[in-house]
Each structure stands twice: as structure tokens, then as C-alpha cells.
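**Student:** sequence first, predicted model second:
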Amino acid sequence: MIKKILDAWKPKWYPMRFKITMVAIVAGAIITPLLILAIPYLEILNDMAVQPKGKAQGKYGWFTDHHLIVERPPVPGTIPMGYEAYPYPKDEEANTKFAEMAGRTMRSIYAGATEVERRAGVERGREIFETICFTCHGDQADGDGPVVGPDLFPAPPTLHSKGAREFADGHIYHVITRGQKKMPSYADVLDPDERWAVILYVRALQKAKQMTTGGGK
């Protein structure tokens, strides 16, 4: 009786069933080790460690407003990190007026600095001046940089003139920020702290010139 039941229960190995079973066994033998190797790299909750991102001039997904993810405009009111609003607009005709206003209202970050902080500021300003500013202004701010002269760029005025020495720090800051005449704006090159450091170094150059010449133009 039991033998009959077992014989009836035992599956019949037809050729097609045998082939399917063997394929399943082989596939399992190959796929299972691969899954085991991949388990350490499978993340269920990755805390946003991996995020979708787009590359410049590339395409990655669409939003309902039909902007590519790499072309979406910033949210209104968004400002870059480290951004500092500047109160005086760029205006060719009123630039002198705004520079004078900046001179009266803006205060250097080194105005109340300690001697150690001022020395560090002068050194930082020297590095920036000798990297960026000297090409036009010259290494001593005399307006004789290597790119100015006949058939070259027009020479800027010396920064040792009486007028330049009497400019308030805020006035010079405005010129660096908004530009003046042939000098372009350097707001996208120097951050606010770097501009103040350059001004501090220019003051050091002016002071050194006064001490060595006993006067100025």
C-alpha cells in the first residue's frame, strides 16, 4: 500500500522537465555566488550618500516644468555660500559718487584688528597683489606693471599720489568691487575679505613709499 502511494507521488521525469530542472540548478549555481558577492554593496537606506546628479550639458530626468535637472534655475532668493550683499550698484556715470559713499559708510575688517591680525592681513594682501594686481599696477603700485605701456594696456595711475592716499578704504573697496574706467570689477575674483587684505597691503606700500621718499606726488 505504502509502496503504491510513494510510486504514485514520485514525480515523473519527462525530458522537458529534466532539462528545466538542470537549467535551474546551473543558473542557481552561477547567480547565487554573484548575489553573495554583491550583498555588501546593496544599500537599503544610504542616508542620501548616493544621489542622482546631472553633468553639464548632459541629460538626467525631467521635471514637470520641463527643465532638465542640470538646467533648473535656482530657487528665488537663493544666494551662494559666502555671498555678501554689496549696497552700491554698478553705474558708470555715478561710479564716483558711489565710491565716495562707500568711503564714508564702509569700514575695513582690519579697522579694529590686533597687530598680529593686521600683519597676517598684510601678508595675505601681498600674496594676492603680487599674483593678480601687479600685472597692471606693478609690484610697488606705481602703475608700471608688465602688461601696460605703448601698444599695450593703458597704465593705471600710481597708487602713491596724494589723491590715492587720501581715498578712504571703502572708496578703494568700491573700485575693486565695481571697477573704474579701464579697470574691471574683481568681485568675481576676490572675496570681500581678500579685497580688504589687498587694501591693507596697498596702505603698507603707501606708508613705505612715504617713509623712503619723504613725500609723494
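**Tutor:** Perfect, thanks for sending it.
**Student:** contacting residues around Gly121?
**Tutor:** Residues counted as contacts of Gly121 (CB atoms under 8 Å, 6 or more residues apart in numbering) are 110, 113, 196-197, 200-201. Backbone N, C-alpha and C define where each C-beta goes, glycine included.
**Student:** among those, which ones are buried?
**Tutor:** Neighbour-count burial (16 or more other CB atoms under 10 Å) applied to those gives 110, 196-197, 200-201.
**Student:** next structured bit after the top helix by length along the chain?
**Tutor:** As assigned by DSSP state H, the longest helix anywhere in the chain is helix 15-38. Sequence order places helix 95-105 as the next helix or strand after helix 15-38, per DSSP states H and E.
**Student:** quick one: average pLDDT of the very next helix or strand once past that next one?
**Tutor:** Of the helices and strands lying after helix 95-105 in sequence (DSSP H and E), the nearest is helix 115-128. Average pLDDT, helix 115-128: 96.
**Student:** hmm, back to that, which helices and strands does the longest helix of the chain pack with?
**Tutor:** Counting contacts by 3 or more CB pairs under 8 Å, 6 or more residues apart in numbering; DSSP states H and E, helix 15-38 packs against no other helix or strand.
**Student:** what about dumping the CA coordinates of it to PDB?
**Tutor:** Taking C-alpha atoms only, helix 15-38 is exported to PDB below (Å, rounded to 0.1, in the frame of the first residue of the first chain):
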ATOM      1  CA  PRO A  15      12.700  15.000 -20.900                       C
ATOM      2  CA  MET A  16      11.500  18.600 -20.800                       C
ATOM      3  CA  ARG A  17      11.000  18.600 -17.000                       C
ATOM      4  CA  PHE A  18      14.500  17.200 -16.600                       C
ATOM      5  CA  LYS A  19      16.000  19.900 -18.900                       C
ATOM      6  CA  ILE A  20      14.200  22.700 -17.000                       C
ATOM      7  CA  THR A  21      15.400  21.400 -13.700                       C
ATOM      8  CA  MET A  22      19.000  21.100 -14.800                       C
ATOM      9  CA  VAL A  23      19.000  24.700 -16.200                       C
ATOM     10  CA  ALA A  24      17.500  26.000 -12.900                       C
ATOM     11  CA  ILE A  25      20.300  24.200 -10.900                       C
ATOM     12  CA  VAL A  26      23.100  25.600 -13.200                       C
ATOM     13  CA  ALA A  27      21.600  29.100 -13.100                       C
ATOM     14  CA  GLY A  28      21.300  29.000  -9.400                       C
ATOM     15  CA  ALA A  29      24.900  27.800  -9.000                       C
ATOM     16  CA  ILE A  30      26.100  30.800 -11.000                       C
ATOM     17  CA  ILE A  31      23.700  33.500  -9.700                       C
ATOM     18  CA  THR A  32      23.900  32.700  -6.000                       C
ATOM     19  CA  PRO A  33      27.700  33.400  -5.600                       C
ATOM     20  CA  LEU A  34      27.300  36.600  -7.500                       C
ATOM     21  CA  LEU A  35      24.500  37.700  -5.200                       C
ATOM     22  CA  ILE A  36      26.600  36.800  -2.200                       C
ATOM     23  CA  LEU A  37      29.400  39.000  -3.500                       C
ATOM     24  CA  ALA A  38      27.000  41.900  -4.200                       C
END
